[in-house]
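Asker: Need coordinates for the following:
(chains A, B and C)
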Amino acid sequence: MPDPAKRPHLYLIDGSGYIFRAYHALPPISRGDGTPVGAVYGFSNMLFKLLQDLGDNDRPSHLAVIFDAGRTTFRNDIYPEYKAHRPPAPEDLIPQFPIIREAVEAFGVEAIEMQGYEADDLIATYATQARDKGWRVTIVSSDKDLMQLIDDNISMFDSMKSTRIGIDGVADKFGVGPDRVIDVQALAGDSADNVPGVPGIGVKTAAQLINEYGNLETLLDKAEEIKQPKRRQNLIDFAEQARVSKQLVTLAVDAPVETGLDAFAVRNPQAEKLLSFIDKQQFRSLRAKVLNHYGDTLEGSDPVTDVLVTPKEIEYQCVTTKDVLATWVEHIKKAGQVTIDTETTSLDPMLADLVGISLSIEPGKACYIPVGHVGESDDLLAEAPEQLSKDHVIQTLKPVLEDRSILKIAQNMKYDRTILARCGINVSPFDDTMLISYALDAGKHGHGMDELAGIHLDITPIPFKEIAGTGKNQITFDKVPLDKATTYAAEDADITGRLWRILKPRLAAEGATTVYETLERPLSSVLSAMEQEGVKVDTDTLRRLSNEFATGMASLETEIHELAGREFNIASPKQLGEILFDEMGLSGGKRSAKTGAYTTNAEVLEALAAEGHTLPAKVLEYRQFAKLKSTYTDALVAQVNPTTGRVHTSYHMAATTTGRLSSNDPNLQNIPIRTSAGRKIRQAFIPEAGNILLAADYSQIELRVLAHMADIDALKTAFSDGIDIHAMTASEVFGVPIDDMDPMVRRQAKAINFGIIYGISAFGLARQLGISRGDAQTYINAYFEKFPGIRAYMDTTIDFAKKHGYVETLFGRKCHIKALTEKNPMRRQFGERAAINAPIQGTAADILRRAMIRMPKALKEAGLEEVKMLLQVHDELVFELPETLRDKAETVIRETMEAACKPVLDLSVPLVVDCGFGANWDEAH
DNA sequence: CCACTCACG
DNA sequence: GACGTACGTGAGTGGC
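Answerer: Okay, the predicted model is just below:
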């Protein structure tokens, strides 16, 4: 028996069943020449969907579609009336049969049929052959006649319902196991197939009788014993008819098939064949889907080599006439895909004005369509170059960019989507090379276009600086001359298209499709909407705070200078260090390894303050004010968008190793909360009048994920029972009762719990708690003694990481850890800790992503369109909503977040979401 | 442009 | 036995 994980898996598709389903599911469609192709279309889509949808575990290694060859089979020799009542195939279906066989061939799949045998017999024959060789078999059909074949290795799959039927499913349907299905059918008959059976007996009664007597022959032999007179008589009178019926329903497992199983090995379709078939039928959306799925892995298309992505010549065109633009649109429609890039006046998509759009369909060919260029001098109107109007270009491209059958490809589509959304275009569908790269290579390198171009294409794109200058002399893109702008912009679209051709096929090949399709791509538009929504800040409050902080800083500055005996720049760690440790002669001055400067961070200053020194304490105060003022109050006021009056952050989807988002310009994921002065800044985040803010955060999500991943019963039970997890840890590690726990002991346990998530070290824990390294080590030892499963989890994770170079989240996201291969033991241990942390932090991040992706639909379905998701802060989502919707919104939000793992992951601990609401973000906590 | 510091989870 | 450390971010400032 081959390795069960790797043994072949044969899929046998009931082609006739597929055809009839396709025919009835779709309205009549004809192609240009009048030939009806509705069923062909439905069939092709179903076949493609099956090839595309199956998860990694269920992927076929072998595949064939089985058809009926004609109306008469060996069963008509046994019973001429078999299937005699079947109406002929509908008139408009008949010409589609041969086209459907072409479709199967075009997809590179074997089509099997044989005169004298039904498709079911061929399926039975192949299924049995494969099973006997130790293969797994899936029969794709909903025909109950095939259920007799089901066993431990053969199952059925209903592709419309996406449900798999095994032995249990048969029992549900027939009331007996698969081995007695034919006995039941022999008794019950089948009016659709004109199988007579025994009168007065249906499936229910048949199952009851077979279960009682064991099988058909025994039942017929003992028919005299049946109590019910009518049933007894029928069983006696129609015994022979039952036997004939059994023959009719019994599938032949010995059909003399000629094609061997090996011929069914799955292979990628040949591009030319498949695309020409699709084009002949005029299936535009299918064309796009097929290209999207196979990328350039299609056999016979240029392989992914230099030939494909390195064009022989470069042809970049500046489009300034309607005719040329129309030609591009035609080419895009024909190709079914286009790479797009927008050029604007700002990196902030909420401030940026559209300047031009570049497009590319194939490597080496791209165009730039200027729409917002102005003159190079200040005399704007006089020197603006000739270009198409923005309005005309938008109206011309809108149908293409919104066409569901045309795939739009971009590098960081979220940016372009926001820009285009502001022009009234809703881009769909799309692929994003930045996100594909992230799904594949998170942690290996960055995912910006220039970096990817260097790595995958060995190209250094024209630096933006080269065309726009640097520093205060830098000009915006609308002032770049058209020739330079065209070279730069068209190159971006060209490179993005070439990157897509390299990266897209890797998704399927490296098992990253699910991460990309379920955690990356759908989030892009959700974030775009959140960014466009923005959040309101109370600028008056921020300005007032800024003044308060400035006043505080000024008086502290005087005091500090007096204490130091001279003036110096308090904000300079270098100068401060010299004052403290050289001039004032305080002890404990540690120099940093890199520059040799004294360390003056909060930890050091706090220690000095604790010794009774005033100056360090004042500096700490000063630093807090300085930080809050420069990073928050002043910066936030400056970030308010003049048009919307709100602050629009930008979420970076591909920044972290672990799958977390990051927020920038401004960063709204590090708004103060830990100190009262800091919380005043949070109070400046407010809703519009009549609205409230609602903050929903996952309670202890990372510890819950850890409890599940490491499978720690004590932790899981504590979470299920709603026990304070830090108190529980304290009770286990320090042997104290949970009730009336000393807050200091709980604090220590909390630090241990966080330490575990970070890949604990005695040094780190000691520093966090201000205890000796020896004591910290004692705590850690005690912890691992109580929770040995954690140690095991950590060891397993590090082993996996070292073997593969990456770790995985519960949702399959790969996080590559570079430092694991370091020779320097310190850096390598750093990698080991990162490897322990990444699956935990990453799984939590995946859960947040799932919740966010589902949130808009969940709100909409509850009639809560007015509830707007504004912010994400790693374990928290912030919403703005009319106060009247508070309770209903809270329910939907909580349910969506708590169920975010489902249905693909059944977490063994509950997820708990705490919701708060209020007139500002601080109150909402 | 890097180092340092510090805000958040 | 010596490395010199908690995990993941972004932003402001000083200083070379």
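Asker: OK, now which residue of the stretch 451-600 of chain A is nearest to DNA strand B?
Answerer: Minimum separation of the stretch 451-600 of chain A from DNA strand B (CB to the nearest atom of the strand) falls at A:Ser592, amounting to 3.0 Å. (C-beta placed from N, C-alpha, C; glycine too.)
Asker: what's the pLDDT at that residue?
Answerer: For A:Ser592, the pLDDT comes out at 87.
Asker: can you check A:Thr259 too?
Answerer: Per-residue confidence for A:Thr259 comes out at a pLDDT of 89.
Asker: Tell me how far it lies from A:Glu113.
Answerer: Relative to A:Glu113, A:Thr259 is positioned 10 Å away (CB to CB, to the nearest Å).
Asker: Enumerate every residue touching the most centrally placed residue in chain A.
Answerer: Note on chain A: the residue nearest the mean C-alpha position is A:Leu519, at 1.8 Å, using CA atoms, centre = their mean. Shown here is A:Leu519, whose contacts under the criterion CB atoms under 8 Å, 6 or more residues apart in numbering are A:439, A:659, A:811, A:813, A:846, A:849-850, A:853.
Asker: and if you look at A:Val290?
Answerer: Shown here is A:Val290, whose contacts under the criterion CB under 8 Å, 6+ apart are A:48, A:269, A:274-275, A:278.
Asker: Would you map out the domains in chain A?
Answerer: Using automatic domain parsing, the domains assigned to chain A come out as A:9-173+A:252-264, A:306-533.
Asker: Quote the end-to-end distance of the shortest one.
Answerer: Across its full length, domain A:9-173+A:252-264 reaches 10 Å end to end, with CA to CA, to the nearest Å as the criterion.
Asker: returning to what we had before: quick one: the contacts of A:Leu519 as TSV, columns for neighbour count, distance to A:Gln185 and secondary structure too.
Answerer: Converted to TSV, the contacts of A:Leu519 look like this (neighbours: other CB atoms under 10 Å; distance: CB to CB, whole Å; DSSP: H, G, I helix; E, B strand; the rest coil):
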residue	neighbour count	distance to A:Gln185	secondary structure
A:Ala439	28	48	helix
A:Gly659	28	51	coil
A:Phe811	20	43	coil
A:Arg813	27	48	coil
A:Asp846	25	47	helix
A:Arg849	26	48	helix
A:Arg850	23	44	helix
A:Ile853	21	45	helix
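Asker: Doesn't A:Ala696 lie inside a strand?
Answerer: Yes - judged by DSSP: H, G, I helix; E, B strand; the rest coil, A:Ala696 forms part of a strand.
Asker: burial of it, as a residue count?
Answerer: Around A:Ala696 sit 25 other residues, with neighbours defined as other CB atoms under 10 Å.
Asker: was I right about A:Asp724 contacting A:Asp739?
Answerer: No - using CB atoms under 8 Å, A:Asp724 is not in contact with A:Asp739, being 10.2 Å away.
Asker: And the nearest residue to A:Arg849 once chain neighbours are set aside, how far from DNA strand C?
Answerer: Spatial nearest neighbour of A:Arg849, chain neighbours left out: A:Leu519 (4.9 Å); criterion: CB to CB, 6 or more residues apart in numbering. To DNA strand C, A:Leu519 is 16 Å away according to CB to the nearest atom of the strand, to the nearest Å.
Asker: now A:Met46
Answerer: Applying CB to the nearest atom of the strand, the value for A:Met46 to DNA strand C is 42 Å.
Asker: cool, A:Pro199 as well?
Answerer: Between A:Pro199 and DNA strand C the distance, using CB to the nearest atom of the strand, works out to 73 Å.
Asker: and what of A:Asp922?
Answerer: Per CB to the nearest atom of the strand, A:Asp922 is found 19 Å from DNA strand C.
Asker: mind saving the C-alpha coords of whichever strand or helix holds A:His24 as PDB?
Answerer: Using DSSP states H and E, A:His24 maps to helix A:15-25. Included here for helix A:15-25 are C-alpha records, laid out as PDB according to Å, rounded to 0.1, in the frame of the first residue of the first chain:
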ATOM      1  CA  GLY A  15     -20.200  13.600 -17.700                       C
ATOM      2  CA  SER A  16     -23.900  12.900 -18.600                       C
ATOM      3  CA  GLY A  17     -25.000  14.100 -15.200                       C
ATOM      4  CA  TYR A  18     -22.900  17.200 -15.600                       C
ATOM      5  CA  ILE A  19     -24.400  17.900 -19.000                       C
ATOM      6  CA  PHE A  20     -28.000  17.700 -17.800                       C
ATOM      7  CA  ARG A  21     -27.300  19.800 -14.700                       C
ATOM      8  CA  ALA A  22     -25.500  22.400 -16.800                       C
ATOM      9  CA  TYR A  23     -28.300  22.400 -19.400                       C
ATOM     10  CA  HIS A  24     -31.100  22.900 -16.800                       C
ATOM     11  CA  ALA A  25     -29.200  25.400 -14.600                       C
END
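Asker: touching DNA strand B at all, stretch A:823-839?
Answerer: No - residues of stretch A:823-839 are not located near DNA strand B by CB under 7 Å from any atom of the strand, the shortest gap being 7.8 Å.
Asker: Now find how far off-centre that stretch is within its chain.
Answerer: Taking CA atoms, centre = their mean, to the nearest Å, one finds the center of stretch A:823-839 at 26 Å from the center of the full chain.
Asker: Check stretch A:914-925 too.
Answerer: Averaging C-alpha positions (CA atoms, centre = their mean) puts stretch A:914-925 29 Å from its chain's average.
Asker: Quick one: end-to-end distance for it.
Answerer: Its first and final residues considered, stretch A:914-925 spans 9 Å by CA to CA.
Asker: burial of A:Ala714, as a residue count?
Answerer: A:Ala714 has 15 neighbouring residues, counting by other CB under 10 Å.
Asker: same check, this time on the one 10 residues further on
Answerer: Using other CB under 10 Å, A:Asp724 has 16 neighbouring residues.
Asker: same deal with A:Ala919?
Answerer: Close neighbours of A:Ala919, defined as other CB under 10 Å, add up to 14.
Asker: Let me know the pLDDT of it.
Answerer: According to the predicted model, the pLDDT of A:Ala919 comes to 97.
Asker: residue contacts, it?
Answerer: Under the criterion of CB under 8 Å, 6+ apart, the contact list for A:Ala919 reads A:686-687, A:692-693.
Asker: Please identify which pair of those lies farthest apart.
Answerer: The span of the contacts of A:Ala919, defined through CB to CB, is set by A:Ile686 and A:Ile692 at 9.6 Å.
Asker: Tell me the buried residues in stretch A:196-210?
Answerer: The neighbour-count check on stretch A:196-210 (16 or more other CB atoms under 10 Å) flags A:196-198, A:201, A:203, A:205-207, A:209-210 as buried.
Asker: among these, which are in helices?
Answerer: Here DSSP state H is the test, and the buried residues of stretch A:196-210 give A:203, A:205-207, A:209-210 as lying in helices.
Asker: Let's verify the residue nearest to A:Arg849: helix, strand, or coil?
Answerer: At A:Leu519, secondary structure determined by three-state DSSP is helix.
Asker: How about A:Asn667?
Answerer: Here A:Asn667 is recorded as coil under three-state DSSP.
Asker: now the one 3 residues further on
Answerer: Under the three-state scheme (three-state DSSP), the conformation of A:Asn670 reads as coil.
Asker: is DNA strand B contacted by stretch A:534-545?
Answerer: No - using CB under 7 Å from any atom of the strand, stretch A:534-545 stays clear of DNA strand B, coming no nearer than 13.7 Å.
Asker: quick one: low-confidence ranges for chain A?
Answerer: A:1-5, A:32, A:53-56, A:295-308, A:377-382 (pLDDT under 70).
Asker: which bits of chain A sit near DNA strand B?
Answerer: If contact is defined as CB under 7 Å from any atom of the strand, the residues of chain A in contact with DNA strand B are A:573, A:577, A:592-595, A:597, A:599-603, A:605, A:620, A:623-624, A:627-628, A:631, A:669-675, A:678, A:841, A:873-876.
Asker: I'd like to know which of these are buried.
Answerer: When these are checked for burial by 16+ other CB under 10 Å, the buried set is A:573, A:577, A:599-600, A:605, A:623-624, A:628, A:631, A:669, A:671-672, A:678, A:841, A:873-876.
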